[in-house]
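# below: sequence and its predicted model.
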Amino acid sequence: MNLEEAESRYLQEQPIYTRLGEHMIAMIKELLSEQGVSATYDYRTKEASSLIAKILRKRYDSLDRVTDKLGLRIIVSNIREIPRIVSSMESAFHVTEKQDKANDLSPDRLGYLGTHLQIELKPEQLASGVEDEFRGRSGELQIRTHAQDLWNVSSHKYLYKPEVPPPAQVARRLYRLMALVEIYDNEFSSSMEAIEQLPGAENWKTLRNLEEKFIRLGGQRFNEQLSVTIIDQLLPIARELGDEWEHHVLEAFVASNQIKLRNIYHDYQAAGARGIFVTQPESLLIWMLLERRVFDLVDVWREFMPIETLDRMASIWGISLPGQ
């Protein structure tokens with residue numbers, strides 16, 4: 001293979017892969033946000049020099065054999081989210097190859113444990129208006145935890161693309177760190193499950209429920225300490241709506257106001273505006289109580305927050321507080 005021709009061809013194709021990456025990441029964000037999954041995302045196109053180096057290292061005879069011209073990543077905090085994300089990606093895209101790195105390791109080996117999918121747009125997606133330039137092009141999607149990502153980014157150049165191959169004992173030290181990553185991910189997941197079962201964990205569960213809905217509606221980063229403070233104050237009012245208020249009243253409120261809520265969150269984020277509570281998941285609880293328990297809400301609010309902050313939330317929702 002003529003390397004100069006391969007490089008020239010790839011440089012012509014690289015902008016197409018950049019546009020494909022933007023398109024796929026937008027699809028992934030929308031899909032996982034609708035499911036209430038909290039994750040970080042990014043993508044990159046391979047540098048031409050890295051592509052040539054890979055062709056030489058792997059002794060490829062064709063540019064088409066390089067499958068990671070476009071690389072995409074989904075990174076999550078909890079390892080138990082990964083199977084759900086993988087299933088969603090398999091439904092959303094045409095998956096030509098799936099690699100669970102854990103399955104490549106024997107029980108006595110240590111190594112990277114992420115999941116990789118080779119993904120393409122489905123024919124019906126290409127037929128629905130997506131530019132024809134994406135046809136036949138794919139990206140390598142890596143799904144992993146923050147801990148796995150830290151290990152991968154930190155050790156990749158020393159283990160997989162070393163300028164000087166490390167001695168066996170040095171490589172072993174790096175791989176031993178993977179044991180800590182695996183322990184961390186499993187212990188973190190188990191700890192979260194244990195916390196959910198603790199007596200008195202109802203407030204924490206409510207925050208997770210609100211967070212999932214908030215993300216699904218377009219919400220992004222928020223201050224968790226502020227959320228905990230507000231939820232602690234407002235939950236006694238919400239519980240007056242019945243033991244199953246989250247499953248009945250809250251679900252019905254969100255379902256009947258989805259468009260309005262999406263527009264509020266979108267408008268605030270697009271404008272770069274900051275409201276004390278508008279960009280917090282407890283905003284859902286506040287607006288629900290403004291509709292269902294406004295007098296109780298006002299009484300409780302006066303005890304721990306300036307009433308002007310609640311009046312602002314009421315105004316955003318399109319109503320007025322009693323007596324204001």
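The structure has been received and is ready for your questions.
# for this structure, which spans come out with low pLDDT?
Within the chain, the segments meeting pLDDT under 70 span 1, 105-112, 128-131, 156-166, 200, 270-275, 324.
# how is it partitioned into domains?
Structural domains assigned to the chain are 3-189, 202-317, following automatic domain parsing.
# do you know which of those lies nearest G323?
Closest approach to G323 among the domains of the chain (C-beta to C-beta): domain 202-317, 8.2 Å. Quick note: C-beta positions are derived from backbone N, CA and C, even for glycine.
# end-to-end on that closest one?
Start and end residues of domain 202-317 are separated by 27 Å (C-alpha to C-alpha, to the nearest Å).
# pull the distance from it to the chain's centre.
In this view, domain 202-317 has its centroid 22 Å away from the chain centroid, taken as C-alpha atoms, centre = their mean, to the nearest Å.
# same question for stretch 24-35.
Taking C-alpha atoms, centre = their mean, the mean C-alpha location of stretch 24-35 is offset from the chain mean by 8 Å.
# contact partners of it?
Stretch 24-35 has contacts (C-beta atoms under 8 Å, 6 or more residues apart in numbering) with 39, 41-43, 70, 72, 74, 84-85, 88-89, 92-93, 119, 121, 139, 141, 215-216, 218.
# so which of these are in strands?
Using DSSP state E, Y41, D42, Y43, L70, L72, I74, I119, G139, L141 are the members of the contacts of stretch 24-35 that sit in strands.
# now a PyMOL select for only the buried ones of the contacts of stretch 24-35.
Buried residues among those (16 or more other C-beta atoms under 10 Å), as a PyMOL selection:
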select buried, resi 39+43+70+72+74+85+88+89+92+93+119+121+139+141+215+216+218
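# what's near enough to touch the spatially most central residue of the chain?
For the chain, the residue nearest the mean C-alpha position is A39 (1.7 Å; C-alpha atoms, centre = their mean). Counting by C-beta under 8 Å, 6+ apart, A39 touches L32, I74, I75, V76, E81, I85.
# try L177
By C-beta under 8 Å, 6+ apart, the residues touching L177 are W151, S155.
# would you map the helices across this structure?
Remark: helices assigned in the chain by DSSP state H are 3-34, 48-58, 82-92, 123-126, 146-159, 168-197, 202-216, 224-239, 251-256, 258-270, 282-292, 294-304, 307-317.
# nearest to D132, of those helices?
Taking C-beta to C-beta, helix 123-126 is the member of these nearest to D132, at 7.0 Å.
# quick one: distance of the closest one to the chain centre.
Centroid displacement of helix 123-126 relative to its chain, using C-alpha atoms, centre = their mean, is 24 Å.
# can I get the CA coordinates of that helix in PDB?
In PDB, the C-alpha atoms belonging to helix 123-126 read as follows (Å, rounded to 0.1, in the frame of the first residue of the first chain):
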ATOM      1  CA  PRO A 123     -30.100   2.100   6.400                       C
ATOM      2  CA  GLU A 124     -33.400   3.700   7.500                       C
ATOM      3  CA  GLN A 125     -31.400   6.500   9.300                       C
ATOM      4  CA  LEU A 126     -29.500   7.200   6.100                       C
END
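# does anything pack onto that helix? Which helices or strands?
Contacts defined by 3 or more C-beta pairs under 8 Å, 6 or more residues apart in numbering; DSSP states H and E place helix 123-126 against no helix or strand at all.
# related to what we said a few turns ago, tabulate the domains of the chain (a markdown table), appending distance to I195.
A markdown table is the format used below for the domains of the chain (distance: least, C-beta to C-beta, whole Å):
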| stretch | distance to I195 |
| --- | --- |
| domain 3-189 | 11 |
| domain 202-317 | 6 |
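# re the thing from before, which one of the contacts of A39 is nearest to N152?
So of the contacts of A39, ranked by how close each gets to N152 (C-beta to C-beta), first place is I75, at 10.1 Å.
# separation between that closest one and Q142?
Using C-beta to C-beta, to the nearest Å, one gets 9 Å for the distance from I75 to Q142.
# mind listing what L226 touches?
I276, Q280, E282.
# and if you look at Q142?
Contacts of Q142 by C-beta under 8 Å, 6+ apart are G71, L72, R73, I74, G114, T115, H116.
# could you do V76 as well?
Counting by C-beta under 8 Å, 6+ apart, V76 touches V37, S38, A39, I82, I85, I143, R144, T145, H146.
# could you measure from it over to D232?
From V76 to D232 the distance is 27 Å (C-beta to C-beta).
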